[in-house]
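> Sequence plus the predicted model coming up.
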Amino acid sequence: MNLPFISDKTYTNIDYTTNNLPKAEYDNCTFKNCNFSNTYLSGFSFLECEFVNCNFSSVKLGDTAFKDVTFNDCKLVGTPFNECNSFLLAMTFNQCQLNLASFYNLKLNNTAFNNCKLEKTDFTETNLSQSIFNKCDLNQAVFDNSNLEKVDFLTAYNYSISPSKNKIKGAKFSKNEILGLLKDYNIIIE
């Protein structure tokens with residue numbers, strides 16, 4: 001099924017919980033101050049789109065395509081990115097609230113998370129190689145069997161990452177947060 005093609009449009013202050021977004025392939029579109037919470041975006045395609053100050057909490061994303069998409073100042077609490085179409089999946093997150101989101105088993109190489117809250121976010125079996133977590137709160141975020149090779153955690157904080165359960169070769173960590181790598185070992189450091 002071919003979706004209608006919509007390009008170069010800006011959508012501002014729209015509540016999609018009451019006005020459904022037409023199912024389409026959106027290319028180079030901007031969404032500002034829009035509410036998508038609890039909506040169904042299954043099968044939609046977003047290519048080179050930008051979402052600014054939008055609410056995506058608990059949105060349904062079955063087979064949704066996010067290709068080179070940027071989220072700025074968005075609320076994405078409980079967003080199941082693991083349900084997205086993984087083909088050419090590429091996203092950037094700036095000052096977003098991603099608590100309880102799921103990136104389970106996705107390939108997210110070179111993904112930038114800038115100044116985001118990622119509390120209790122699931123990165124189980126996620127390939128994050130060469131990504132960056134710049135000034136991100138990773139309190140209780142789950143990293144299990146994840147590829148974290150060459151990931152930049154230098155300014156991230158509150159993480160707990162087990163080196164024995166994840167690939168961390170070449171990852172960068174700050175001395176101040178090194179305890180986040182040792183929590184699983186139940187050792188005392190004074």
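Good, I have the coordinates.
> Report the residue ranges of every domain in this protein.
As given by automatic domain parsing, the domain ranges for the chain are 25-90, 103-190.
> most tightly surrounded among those?
Highest mean neighbour count among the domains of the chain (mean count of other C-beta atoms under 10 Å): domain 25-90, with a mean of 19. Quick note: C-beta positions are derived from backbone N, CA and C, even for glycine.
> quick one, which of the domains of the chain is nearest to Tyr11?
Nearest of the domains of the chain to Tyr11, taken as C-beta to C-beta: domain 25-90 at 4.8 Å.
> coming back round to it: with mean pLDDT as added columns, please give the domains of the chain in TSV.
Listed next are the domains of the chain as TSV, based on pLDDT from 0 to 100:
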stretch	mean pLDDT
domain 25-90	96
domain 103-190	92
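> could you dump these to a markdown table with distance to Asn19?
Below are the domains of the chain laid out as a markdown table (distance: least, C-beta to C-beta, whole Å):
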| stretch | distance to Asn19 |
| --- | --- |
| domain 25-90 | 10 |
| domain 103-190 | 28 |
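> May I ask you to name the longest strand in the protein?
The single longest strand within the chain, with elements called by DSSP state E, is strand 65-72.
> Partner strands of it and their direction?
strand 45-47 (parallel), strand 50-52 (parallel), strand 90-94 (parallel) (DSSP bridges).
> Looking at those strands, which is nearest to Asn114?
strand 90-94 (4.7 Å).
> where's the closest one relative to the chain centroid, distance-wise?
Its chain's C-alpha centre and that of strand 90-94 lie 7 Å apart, by C-alpha atoms, centre = their mean, to the nearest Å.
> Just the CA trace of that strand, in PDB.
Extracted as PDB, the C-alpha positions of strand 90-94 are listed here (Å, rounded to 0.1, in the frame of the first residue of the first chain):
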ATOM      1  CA  ALA A  90      17.900   7.300  12.600                       C
ATOM      2  CA  MET A  91      16.900   9.700  15.400                       C
ATOM      3  CA  THR A  92      18.400  12.600  17.400                       C
ATOM      4  CA  PHE A  93      17.100  13.600  20.800                       C
ATOM      5  CA  ASN A  94      17.700  17.100  22.300                       C
END
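> continuing past it, what's the next helix or strand?
Sequence-wise, the next helix or strand downstream of strand 90-94 (DSSP states H and E) is strand 112-114.
> Helix or strand next in line after that following strand, which one?
strand 132-134.
> Run through who's touching stretch 150-165.
128-141, 143-145, 148, 168-174, 176-177, 180-181, 183-184 (C-beta atoms under 8 Å, 6 or more residues apart in numbering).
> Please flag which of the residues you listed sit within strands.
Short answer: those in strands (DSSP E) are 132-134, 172-173.
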